[in-house]
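> can't give you the sequence, but here's the structure:
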């Protein structure tokens, strides 16, 4: 049995709390929001995950010290925009080598840092790992078979976390490519916005397939330029996560995209979804990275134009379709004539 704290009382954190408790671990759920903790104490259920019940012996707290001290693993499950402030808040309480597993996905807009880089900057004494893959909270909480990846700098840390999480409905692979995993998990949210916008415009399966296929090409193009491994983008944290986020109505990014495609503004769409739409925050960061690494991201560029520059969604699609003619895989040579 391990002593584990879930930092963040949202739906993803709660789903993982239920999973880890079923695996026999001692669970504490922390949130900075007193109202959220009071709701969880009273109902043992999150309003976004109806029917997913937290056991009676789950500890709920807003106390930083109670959440951090003596814990074998801290699961950082706050929204990406709150990763830095949360890491800064608990940093002095974290002991050297204490393990922190980040399960959120995103890139910080003003620094273009990944979330693990932020945690390492704010808590340099921590042993930081990440978890990513096609894994909606709504399904994990109900015990629907799911497969994800844990990335860490050392195999020992990755295997330790793998053993904590893995069971008959939650299969865990491990990887040393933390950067590639985080980039895949962050950038797929931007492409999922594009997929949702296409749905909102009334387009069909052909369009969705094109966005997924060309979207992973863009993600891999930038990711490998930054040092991620190509194979990572072909796996669960790349194409796997992209497929589920573009195709499922559980995806808040797809849902927001649908609303934008139907004519709502970015702000109106986020308000209606009522959850953090991570792709909106990662979209600008992706373009900053594209400039830095001199990489073309035409789909992500058009998403930015729609979100932040007032471009109409249908015009963005037309501009994508009418780009200069290309070879699909430039590395393939033509046979000599």
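Done, it's in. Computed from a predicted model, the values in this text were never measured in an experiment.

> Might one say that residue 197 is in contact with residue 315?
No - using CB atoms under 8 Å as the test, residue 197 is too far from residue 315 to be in contact (11.6 Å). Heads up, the C-betas are built off the backbone N, CA and C, glycines and all.

> Looking at the two, which has the bigger crowd around it?
Between residue 197 and residue 315, counted using other CB atoms under 10 Å, residue 197 has the larger neighbour count: 29 against 12.

> Let me see the confidence value for the more buried one.
With respect to pLDDT, residue 197 scores 95.

> did I read that right, it in a helix?
Yes - judged by DSSP: H, G, I helix; E, B strand; the rest coil, residue 197 forms part of a helix.

> Report the buried residues of stretch 186-205.
Neighbour-count burial for stretch 186-205 flags 186-201, 203 (criterion: 16 or more other CB atoms under 10 Å).

> now, which of these lie within helices?
Here DSSP state H is the test, and those give 186-200 as lying in helices.

> Quick check: what element follows the helix or strand containing residue 215 along the chain?
Element membership for residue 215 (DSSP states H and E) is helix 205-225. Heading C-terminal from helix 205-225, the first helix or strand you meet, by DSSP H and E, is helix 230-233.

> contacts for that next one?
Residues from elsewhere that reach helix 230-233 (CB atoms under 8 Å, 6 or more residues apart in numbering): 175, 177, 180, 181, 184, 216, 219, 220, 223, 224, 238, 239.

> And residue 324, how far from residue 216?
Relative to residue 216, residue 324 is positioned 21 Å away (criterion: CB to CB, to the nearest Å).

> So for these two, which sits in the more crowded spot?
Using other CB under 10 Å, the more surrounded residue of residue 324 and residue 216 is residue 216, with 23 against 4.

> Not counting sequence-adjacent ones, nearest residue to the more buried one?
residue 239 (5.0 Å; CB to CB, 6 or more residues apart in numbering).

> now residue 302
Of all residues not flanking residue 302 in the chain, residue 316 sits nearest, at 4.1 Å (CB to CB, 6+ apart).

> Can I take it that that neighbour is in a helix?
Yes - per three-state DSSP, residue 316 lies within a helix segment.

> Please parse this structure into its domains.
Domain ranges of the chain: 3-176, 179-321, per automatic domain parsing.

> Determine which of those domains approaches residue 329 most closely.
For the domains of the chain, distance to residue 329 was read as CB to CB. The smallest value, 9.3 Å, belongs to domain 179-321.

> What's the end-to-end length of that closest one?
Start to finish, the residues bounding domain 179-321 are 31 Å apart (CA to CA, to the nearest Å).

> Same question for stretch 235-251.
One end of stretch 235-251 to the other measures 19 Å (CA to CA).

> how about that stretch: buried residues?
235-247, 251.

> Ok, stretch 28-38 next?
Quick answer for stretch 28-38 (16+ other CB under 10 Å): 28, 29, 30, 31, 32, 36, 37.

> Tell me which stretches of the chain form strands.
Assigned by DSSP state E, the chain shows strands spanning 3-7, 26-30, 59-61, 73-76, 99-102, 127-132, 146-152, 170-175.

> outside of the first one, which residues touch it?
Strand 3-7 is touched from outside by 13-14, 16-17, 20, 25-30, 67-68, 70-78, 86, 90, 164, with contacts defined as CB under 8 Å, 6+ apart.

> Now restrict the residues you listed to buried residues only.
Neighbour-count burial (16+ other CB under 10 Å) applied to the contacts of strand 3-7 gives 13-14, 16-17, 20, 25-30, 67-68, 71, 73-78, 86, 90, 164.

> Good, we can wrap up now.
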